[in-house]
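Undergrad: can't give you the sequence, but here's the structure:
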């Protein structure tokens, strides 16, 4: 019983010392001019990771860490027009997982090719992008998290 209480106290202390979210997400390069229905454009999703922390690449690994996943939310006049492109990850041996992993530290810029639906109504819209990821440092991993990032896009006629 005492061991369980001690373990719970250590976990709580570690989680209490962790920042609320060591990764900040931001969409960049949204089109400045109106985009026509059916057109394609590219946006960049920037992940800024606090020092000492990392997030994992888009590549899933069997029994490994939770990979980053990026997608355009449903219910809007936008969709992915191809695969999300990512920077070259750092490859390292992870003692916690006992395997080689791919990760990002500092900044990672993901490029998303976006297509406007041919039936999109003209006017102001919000492009909503979701990112699901897990951030870790050399002592602990935070629970997986999904964030929603949005940027205004004007659809022309």
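TA: Looks like it came in fine. Keep in mind that this is a model prediction, so the values were computed, not measured.
Undergrad: got a list of what the residue nearest to residue 138 when sequence neighbours are not counted touches?
TA: Distance criterion CB to CB, 6 or more residues apart in numbering; nearest residue to residue 138, sequence neighbours excluded, is residue 52 at 7.4 Å. C-beta coordinates here come from the backbone N, C-alpha and C atoms, glycine included. Shown in contact with residue 52 (CB atoms under 8 Å, 6 or more residues apart in numbering): 22, 137-138.
Undergrad: okay, and for this structure, where does confidence drop off?
TA: Within the chain, the segments meeting pLDDT under 70 span 1-19.
Undergrad: Please enumerate the strands of it.
TA: 23-28, 40-49, 54-56, 69-72, 78-80, 90-94, 99-104, 107-116, 123-133, 135-136, 145-155 (DSSP state E).
Undergrad: Walk me through which strands the second one pairs with, and which way each runs.
TA: Using DSSP bridges, the strands paired with strand 40-49 are strand 23-28 (antiparallel), strand 107-116 (antiparallel).
Undergrad: Using ChimeraX, define a selection of the buried residues within the contacts of residue 52.
TA: The ChimeraX command for the buried members of these (criterion: 16 or more other CB atoms under 10 Å) is given here:
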select :22,137
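Undergrad: The contacts of residue 52 in helices, which ones?
TA: Applying DSSP state H to the contacts of residue 52, no entry is found in helices.
Undergrad: so can I have TSV of the contacts of residue 52 showing distance to residue 79?
TA: Formatted as TSV, these follow (distance: CB to CB, whole Å):
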residue	distance to residue 79
22	30
137	35
138	38
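Undergrad: spatially speaking, which residue is in the middle of the chain?
TA: residue 131 (3.5 Å; CA atoms, centre = their mean).
Undergrad: ok, back up a step: now mean neighbour count and distance to residue 45 too, for the strands paired with strand 40-49, in CSV please.
TA: Shown next, in CSV, are the strands paired with strand 40-49 (neighbours: other CB atoms under 10 Å; distance: least, CB to CB, whole Å):
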stretch, mean neighbour count, distance to residue 45
strand 23-28, 15, 6
strand 107-116, 19, 4
